[in-house]
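S.K.: What would the 3D arrangement of this be:
(one chain, ligands or ions: 1)
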Amino acid sequence: MNVKYINNTLGFSVEIPAEILDKIRQLGLEFHPREFGGIFLGKTSPNCSKITITELVIPTEYESKPNGFTRHPHNLNDRIKDEYNRSEGEINYVGEWHTHPNGKSQFSKKDLKAMAAISALTEVKTATPLLLIAGLTKNLYDPALYIYYQSTLQAYTNDR
Ligand SMILES: [Zn+2]
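M.R.: The predicted structure follows:
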């Protein structure tokens, strides 16, 4: 089953398989109280209005701290390329995810800066990367989704 997120102002939607959201919660609790994260692969419509996330990719090299998560490229680019080739160009990098172990799903100034830098990278095939922030404590799980669009992070709402 897919969970649907929408932004009515932009007319954008994103679908995320429920098992991917469950996996993020599981990983977040394993690393709690440190942050953890990775990237998403998926399919994007030509005008980026519809994105379907198909895969969660966990980096093999990273720094995980209570107030920060940094992934190191290592073999991540090869894994993106492999999936791109295997799917004949249908599946590609669509964005980032990380946990906030304090429970708050609001993006930080550092998060916004990081997404601006990612959107400008030529090797990343999207100028509008997604960011999922999973606010998480032992009892609470509040994944929030954003898209870097028109130089800022625009929020989606969960379409339940
Ligand atoms: Zn953050």
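S.K.: correct me, but Lys50 touches Thr44?
M.R.: Yes: the pair Lys50 and Thr44 passes the contact test of CB atoms under 8 Å, sitting 7.4 Å apart. Where you see a C-beta, it was placed from the backbone N, CA and C, and this is true even at glycine.
S.K.: So which of the two has more stuff around it?
M.R.: Neighbour tally, Lys50 and Thr44, criterion other CB atoms under 10 Å: the higher count belongs to Thr44, 22 against 14.
S.K.: before we move on, which element is the closest residue in space to that one that isn't next to it in sequence in?
M.R.: Computed as CB to CB, 6 or more residues apart in numbering, the closest residue to Thr44 that is not its neighbour in sequence is Ile51, at 5.0 Å. Counting by DSSP states H and E, the secondary-structure element that holds Ile51 is strand 50-57.
S.K.: Kindly indicate whether the one residue in the chain that gets nearest to the ion is helix, strand or coil.
M.R.: Using CB to the ion, the closest approach of the chain to the ion is made by Asp111 at 4.2 Å. The three-state label given to Asp111 by DSSP: H, G, I helix; E, B strand; the rest coil is helix.
S.K.: count of neighbours near it?
M.R.: Asp111 sits with 20 neighbouring residues when counted by other CB under 10 Å.
S.K.: Report the buried residues of the helix or strand following the strand holding Ile51.
M.R.: For strand 50-57, the following helix or strand on the C-terminal side (DSSP H and E) is strand 62-65. Using 16 or more other CB atoms under 10 Å as the burial criterion, the residues of strand 62-65 that qualify are Tyr62, Ser64.
S.K.: List the neighbouring strands of the next helix or strand along the chain from strand 62-65 plus their orientation.
M.R.: Past strand 62-65, further along toward the C-terminus, the next helix or strand under DSSP H and E is strand 68-71. Here strand 68-71 is paired, per DSSP bridges, with strand 62-65 (antiparallel).
S.K.: chain center to the strand it pairs with: distance?
M.R.: The offset between the C-alpha centroid of strand 62-65 and the centroid of the whole chain comes to 16 Å, using CA atoms, centre = their mean, to the nearest Å.
S.K.: Is that strand positioned near the ion?
M.R.: No: under the criterion of CB under 5 Å from the ion, the ion is not reached by strand 62-65; the shortest gap measures 11.2 Å.
S.K.: got the CA positions of that strand in CSV?
M.R.: Taking C-alpha atoms only, strand 62-65 is exported to CSV below (Å, rounded to 0.1, in the frame of the first residue of the first chain):
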residue,chain,number,x,y,z
TYR,A,62,28.1,8.0,7.2
GLU,A,63,28.4,10.1,10.4
SER,A,64,25.5,9.7,12.7
LYS,A,65,25.2,12.2,15.6
